[in-house]
Every structure is written in structure tokens, then in C-alpha cells.
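K.L.:
this one's structure only:
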């Protein structure tokens, strides 16, 4: 019985080795496997195409993001330069007004000493000095206001720098995650 089984197995092996290819190709199992392979191959090709599209889109987004960061940095530098220029101009104006005020004060004191008897002129000069002092106070207030604006812009600039740094860190992390 065992020998018969062995002989039958050998016989089947021989038949299997001489089995024509079309017999295997015509089987339901082969057709099913071939169909499944085609579906999987098509899905793989679609996934490959999607991957390439996603890589291209990521590259475009990355480049746009870098351009945006560069533009923000450039705008920040321009704003700082403009603000510095304004502050310098205001300080120059203040220095000029102080100089003019001091010159007028000296001139007034000289005239007052020379013309002590002339009351109306003295009164007019006092009014002029009062007006200049008021103007000087107004200029000081304006300078204080510009200094406050300058400090606010410095804070805003620091926030923008921090935001740029955070964007860079997030971008680096996103690139490292891939």
C-alpha cells in the first residue's frame, strides 16, 4: 500500500513536470491570481504617481515658504531702517530747536539787560519765550511719542523674528519627519 502510494506520487510528479503551460494558464486559480496581480499593480502605479505629485507639491510649498520668510526678513529690515531714520531726524530736529531756543534765550537776556526800561518789549519777549517753551514742551511730547512708537516697533520686530525662527524650526522638523 505504501509502495503503491509512493509509485502514484512519483507518477503524479512526472505528469506535473510534463504538464503543458496552457493547462495551468486556463485554471480558475491562475486567472484569479492574474486578476488580483493586475489590480495590485495598478494600485501600486497610482500610489507611485500620487507620491511623485506629493513630492512636487511639497517642494513647491517649501520654496514658496522660503521666499515668504526671505520677504518678511527683508520687510523687517526696511522697517527698522525707516524707523531709525525717523528717530534720527526727530533727534536732529529736537537738537536744532533746543539750539534755537538757547540762542533766543541768550538774545532775550542780552536785550533784557540792555533794555530794562522798556517794559512793552520785555513783555513781548516774555510772551515769545513762553511760546517757545510751550513749543519746546510740545516737541518733547512729540519726541516721547516717537520714542514710544520706536519701542513698540522694536517689540513687533522681535515678535516677527521669533515667528520667523519658529517657522524655520517647524519647517526643519517637517523635513526631518519625512
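P.N.:
Perfect, thanks for sending it. Here the structure is a predicted model, which is why all the values come from computation and not from measurement.

K.L.:
how much space between residue 2 and residue 127?
P.N.:
According to Cβ to Cβ, to the nearest Å, residue 2 and residue 127 sit 137 Å apart. Glycine gets a C-beta too; all of them are placed from N, C-alpha and C.

K.L.:
let me fix that: residue 164
P.N.:
For residue 164, the distance to residue 127 - Cβ to Cβ - is 55 Å.

K.L.:
again, but for residue 168
P.N.:
Residue 168 is 61 Å from residue 127, by Cβ to Cβ.

K.L.:
I'd like the distance from the biggest helix by length in the chain to the chain centre, please.
P.N.:
Ranked by number of residues, the top helix in the chain under DSSP state H is helix 28-114. In terms of Cα atoms, centre = their mean, to the nearest Å, the centre of helix 28-114 is found 5 Å from the chain centre.

K.L.:
mean confidence score for it?
P.N.:
For helix 28-114, mean pLDDT is 94.

K.L.:
after it, which helix or strand is next?
P.N.:
helix 119-177 (DSSP states H and E).

K.L.:
picking that back up, which one's more surrounded, residue 168 and residue 127?
P.N.:
A count of neighbours by other Cβ atoms under 10 Å puts residue 168 above the other of residue 168 and residue 127, at 13 against 10.

K.L.:
can you pull the contacts of that one?
P.N.:
Going by Cβ atoms under 8 Å, 6 or more residues apart in numbering, residue 168 touches residue 69.

K.L.:
against residue 96, how distant is the residue nearest the centre of the chain?
P.N.:
Centroid-nearest residue in the chain, with Cα atoms, centre = their mean: residue 69, separated by 3.8 Å. Counting by Cβ to Cβ, the gap from residue 69 to residue 96 is 41 Å.

K.L.:
which other helices and strands does the longest helix of the chain contact?
P.N.:
Other elements packing on helix 28-114 under the criterion 3 or more Cβ pairs under 8 Å, 6 or more residues apart in numbering; DSSP states H and E are helix 119-177.

K.L.:
helix/strand/coil for residue 19?
P.N.:
Per DSSP: H, G, I helix; E, B strand; the rest coil, the secondary structure class of residue 19 is coil.

K.L.:
for residue 166, see how far away it is.
P.N.:
For residue 19 relative to residue 166 (Cβ to Cβ), the value is 68 Å.
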